[in-house]
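Colleague: Give the three-dimensional model of this entry:
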Amino acid sequence: MSFSFRRVVTGHSEDGKAVVRSDEIVGSAPRLPGYEARVVWCTGQLPASNDEDGFDDGTPGPRGARVLFRVAEFDPAAAEHTNMHRTETQDVALVLSGRLDMVLDSGEVVEQLTAGDVLVQRGTMHSWVARGDEPVRVLFVLIDALPVRIGDVVLREDLSALAGRASPMPQGGDPG
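Modeller: Alright, predicted model coming up:
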């Protein structure tokens, strides 16, 4: 189920002209059964710097300073919703191909997200389920967020269903 994409990153020459800093084919990495992904880019600070000193190579910065772009692919043969989780992020999901459902812990289901559909996930307990016969490709943008507060209750990140197999933001050498 692996996939790849071309990632081009621009920057500036010493005389201030726009240049290509890198142009490479990036392959996916398995993250969970039936789910592969690769980080396209992640900020190391906010606001992000476009300066050439201390060139930000897309390595995630500290919590609270990250905006992450990830391309992911779900295999419908592994369709399930046992990976229910909550992150301390606001996520924008743009479906590029295939058909995807999102299941919420309330039992509500957003059905049949297809190419061009966009979903904003705001710190909710959710799970993704690929539907149909073809892999589902999605571009995710994750933005660090504060934990959800409902009155005096704080709904913190909950990745227990993932059992350490994946995290929203890559750690160390994780290709995410």
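Colleague: going forward, measure contacts and count neighbours with C-alpha atoms only.
Modeller: Fine.
Colleague: so residue 103 makes contact with residue 124?
Modeller: No - at 10.2 Å, residue 103 does not count as touching residue 124 under the criterion of CA atoms under 8 Å.
Colleague: For residue 7, grab the count of nearby residues.
Modeller: For residue 7, the count of nearby residues is 12 (other CA atoms under 10 Å).
Colleague: Paired strands for the host helix or strand of it, with orientation please.
Modeller: For residue 7, the host element (DSSP states H and E) is strand 4-12. Using DSSP bridges, the strands paired with strand 4-12 are strand 18-27 (antiparallel).
Colleague: The helix or strand just after the strand it pairs with: how far from the chain's middle?
Modeller: Note on strand 18-27: by DSSP H and E, the next helix or strand toward the C-terminus is strand 29-32. Relative to the mean C-alpha coordinate of its chain, strand 29-32 is positioned 12 Å out (CA atoms, centre = their mean, to the nearest Å).
Colleague: List the strands paired with strand 29-32, with their directions.
Modeller: Strand 29-32 is paired, per DSSP bridges, with strand 35-42 (antiparallel).
Colleague: Could I get the CA-only coordinates of the partner strand as PDB?
Modeller: Written as PDB, here are the backbone C-alpha positions of strand 35-42 (Å, rounded to 0.1, in the frame of the first residue of the first chain):
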ATOM      1  CA  TYR A  35      -2.600   3.300   7.500                       C
ATOM      2  CA  GLU A  36       0.600   4.800   5.900                       C
ATOM      3  CA  ALA A  37       1.600   8.400   6.000                       C
ATOM      4  CA  ARG A  38       4.500  10.900   5.700                       C
ATOM      5  CA  VAL A  39       5.000  14.400   7.000                       C
ATOM      6  CA  VAL A  40       5.200  16.900   4.200                       C
ATOM      7  CA  TRP A  41       6.300  19.700   6.500                       C
ATOM      8  CA  CYS A  42       6.100  20.800  10.100                       C
END
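Colleague: Next secondary structure element downstream of that strand?
Modeller: Next along from strand 35-42, by DSSP H and E: strand 67-74.
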